[in-house]
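Undergrad: Got a sequence here, can you model it:
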Amino acid sequence: MKIPVTVITGFLGAGKTTLVRHLLRNAQGRRLALIINEFGDIGIDKELIKGCGTEACREEDMIELANGCICCTVADDFLPTMEKLLDRADPPDHIVIETSGLALPKPLLKAFQWPAVRTRTTVDGVIAVIDAPAVAGGRFAQDPEALAAARRADPSLDHDAPLEEVFEDQLRCADMILLNKRDLVSADALAEVEADLGRRLDRPVKVVSTVQGAVDIRVLLGIGAEAEATVDARRSHHDNEDGLHDHNDFESFTVAVGDVGDPGALESRIQDVARMHDVLRIKGFVHVPGKPMRHVIQAVGPRVDRYYDRPWQAGEDRSGVLVVIGLTGLDRPAIAAALGEAQGRQGRLAG
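TA: Numbers count the residues shown, from 1 in each chain. Here you go, the predicted structure:
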C-alpha cells in the first residue's frame, strides 16, 4: 500500500507551521513524519514544531531541509530524504511536507513521478494556507497603473510581480485552501478575499476558513487526490522554467539580538522596520531576562504575534536571533541596527 503524502504550501507567514502543530496534536494515533523546508541556516519552524508538547512531536520524525528551496533541489535533497523515510524499519503512516513560503509546489509534485517514490507514495493532497488579512490588505494585488508606468519608464526592466506569481502558483496547485486568520478580518472583507481567490483559480477548489489552522484532521488527511497524476493540468506561471524558478526577487538574512528587557519595545521596532523597509516576514526567538520561557516572534509585515512557547532547556543557547525576509534590495545594515545589532549576519536565501 502506498504511503499518503500531504504537501502544505502557502506564502510567508500564512500559518503553515501552526497548521502542522495542529496536525501533530490531533494525530489520533497516526505516525506522522515531517519534512520541513525553510530559509537559511536557522530552523525556526522545526524548533517551533518540536515544542508542540505531544508524543507525536518526536524529533526523529522531523527532517529539516534548510538552505535550499525544496522545489529546486529535488534530486539532491528531497528524493534521498524520501527514500530514507520509506526505507525505515517503522515507516510512517503519513508524510507531511511543509514547504517554505517562497517554494512552488508544482515541481515538488513532479518529483513524485520519479521511479524511486512513485510506487511507494501518493500525494493525498496539496493544502494551501492563505493569510486572509494579507490578501485583504492587497499584499498580492498587482497595481496595473504602477506596472504600466514602470514599463514606460524603462521597457528593458523585468517588471513581473513576484509576490503575486508565487501566491497564485501555490493557489493553483492546491486541492484545498485554508483561508486562515479569519478572526483578523471583518465578514465583508472575508467575503471579498474569497471572491479574490475565486478569480485567481482556474478550477474548483474547496475553501475552508480557519483560525490558527484549526480544522478537523479528517478534513485534511484522506483527500485521496493522487495529485501527482494530475500535476500537468495545474497551471503555473513558471511552467516553462524546467522545474526551477528564480529566487533573485527575494533575499533573507539573520540578525543577532541581545537580551530583550522590553518585548513590547521590540515589537514596535519590528513594526517600524516592516513599514519603512517593506519587510515581508520576521521570525525568531529572543531571551527575556527573568523569564524562564523562550519568547517567540512571528511578524507578517507590521502585524506582530509574540508569545512564550516553552521553557528554556538546561544548557541551551539563549542568544536571540531573528530571520528577516523581503524583496531584494533590503537595507540590511539599517534593519539590523534597528532590530538589535550594527550588522546582520548574512544568510543564503533558500526559496
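Undergrad: Go ahead and flag the most central residue of the protein.
TA: G101 (3.4 Å; Cα atoms, centre = their mean).
Undergrad: Would you confirm that that one belongs to a strand?
TA: No. Judged by DSSP: H, G, I helix; E, B strand; the rest coil, G101 forms no part of a strand; its state is coil.
Undergrad: Contact partners for it?
TA: For G101, the contacting residues are G10, F11, L12, G13, A14, K16, E38, R281, I325, by Cβ atoms under 8 Å, 6 or more residues apart in numbering. C-beta coordinates here come from the backbone N, C-alpha and C atoms, glycine included.
Undergrad: Of these, which is the nearest to L163?
TA: F11 (7.6 Å; Cβ to Cβ).
Undergrad: The closest one and D169 touch, don't they?
TA: No. If you go by Cβ atoms under 8 Å, F11 and D169 don't touch, sitting 10.3 Å apart.
Undergrad: ok so, going back, narrow the contacts of G101 to those in strands?
TA: Using DSSP state E, the members of these that fall in strands are R281, I325.
Undergrad: And stretch 306-326, what's buried?
TA: R306, D309, G320, V321, L322, V323, V324, I325, G326 (16 or more other Cβ atoms under 10 Å).
Undergrad: could those residues go into CSV alongside pLDDT and distance to K106?
TA: Shown next, in CSV, are the buried residues of stretch 306-326 (pLDDT from 0 to 100; distance: Cβ to Cβ, whole Å):
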residue, pLDDT, distance to K106
R306, 94, 34
D309, 89, 33
G320, 91, 37
V321, 92, 32
L322, 93, 31
V323, 90, 25
V324, 92, 27
I325, 87, 22
G326, 87, 24
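Undergrad: Please confirm that A27 is located within a helix.
TA: No. Assigned with three-state DSSP, A27 falls outside any helix and is coil.
Undergrad: was I right about it contacting I217?
TA: Yes. With contact defined as Cβ under 8 Å, A27 reaches I217; the gap is 7.2 Å.
Undergrad: Can you check which residues contact both of those two?
TA: Here A27 and I217 have no joint contacts, going by Cβ under 8 Å, 6+ apart.
Undergrad: What degree of burial does A229 show, as a neighbour count?
TA: Residues near A229, counting by other Cβ atoms under 10 Å, number 14.
Undergrad: what's the pLDDT at it?
TA: Listed pLDDT for A229 reads 91.
Undergrad: From A256, how far out is D202?
TA: Relative to A256, D202 is positioned 44 Å away (Cβ to Cβ, to the nearest Å).
Undergrad: Which one's more surrounded, those two?
TA: Ranked by neighbour count (other Cβ under 10 Å), D202 and A256 place A256 first, with 16 against 12.
Undergrad: C-terminal to the helix or strand encompassing the more buried one, what's the next element?
TA: In this assignment (DSSP states H and E), A256 forms part of strand 250-257. Per DSSP H and E, the first helix or strand lying C-terminal to strand 250-257 is helix 263-277.
Undergrad: relative to strand 250-257, how tilted is that next one?
TA: Using axes from the mean of the first three to the mean of the last three Cα atoms, to 10 degrees, the inter-axis angle of helix 263-277 relative to strand 250-257 is 150 degrees.
Undergrad: Tell me the helices and strands packed up against helix 263-277.
TA: In terms of contacts (3 or more Cβ pairs under 8 Å, 6 or more residues apart in numbering; DSSP states H and E), helix 263-277 is packed against strand 279-286, strand 293-300, strand 303-311, helix 332-339.
Undergrad: Distance from the last one to the middle of the chain?
TA: Here helix 332-339 shows a centroid-to-chain-centroid distance of 24 Å under the convention Cα atoms, centre = their mean, to the nearest Å.
Undergrad: thinking again about what came up before, in its sheet, what does the strand holding A256 sit against?
TA: According to DSSP bridges, strand 250-257 has the following sheet partners: strand 320-327 (antiparallel), strand 345-346 (antiparallel).
Undergrad: Confirm for me that R172 is in contact with R234.
TA: Yes. Contact between R172 and R234 holds when scored by Cβ under 8 Å: they sit 5.7 Å apart.
Undergrad: Once you drop chain neighbours, what's closest to F112?
TA: Nearest residue to F112 in three dimensions, chain neighbours excluded: E228, at 3.8 Å (Cβ to Cβ, 6 or more residues apart in numbering).
Undergrad: Compute the number of surrounding residues for the one you found.
TA: Counted with other Cβ under 10 Å, E228 comes out at 19.
Undergrad: Surely it forms part of a helix?
TA: Yes. According to three-state DSSP, E228 belongs to a helix.
Undergrad: Can you tell me how far it is from P133?
TA: Distance check for E228 against P133: by Cβ to Cβ, it reads 33 Å.
Undergrad: Equivalent analysis for L19, please.
TA: According to Cβ to Cβ, L19 and P133 sit 16 Å apart.
Undergrad: same thing with P204?
TA: Going from P204 to P133 by Cβ to Cβ gives 25 Å.
Undergrad: more neighbours, the two?
TA: Counting neighbours by other Cβ under 10 Å for P204 and for P133 shows that P133 has the greater number, 20 against 7.
Undergrad: Hmm, L184 and that one touching each other?
TA: Yes. Contact status for P133 versus L184: in contact at 4.6 Å, counting by Cβ under 8 Å.
Undergrad: Please name the strands paired to the helix or strand where L178 lies in the sheet, noting orientation.
TA: Per DSSP H and E, L178 falls inside strand 176-180. Counting by DSSP bridges, the strands paired with strand 176-180 are strand 121-131 (parallel), strand 206-209 (parallel).
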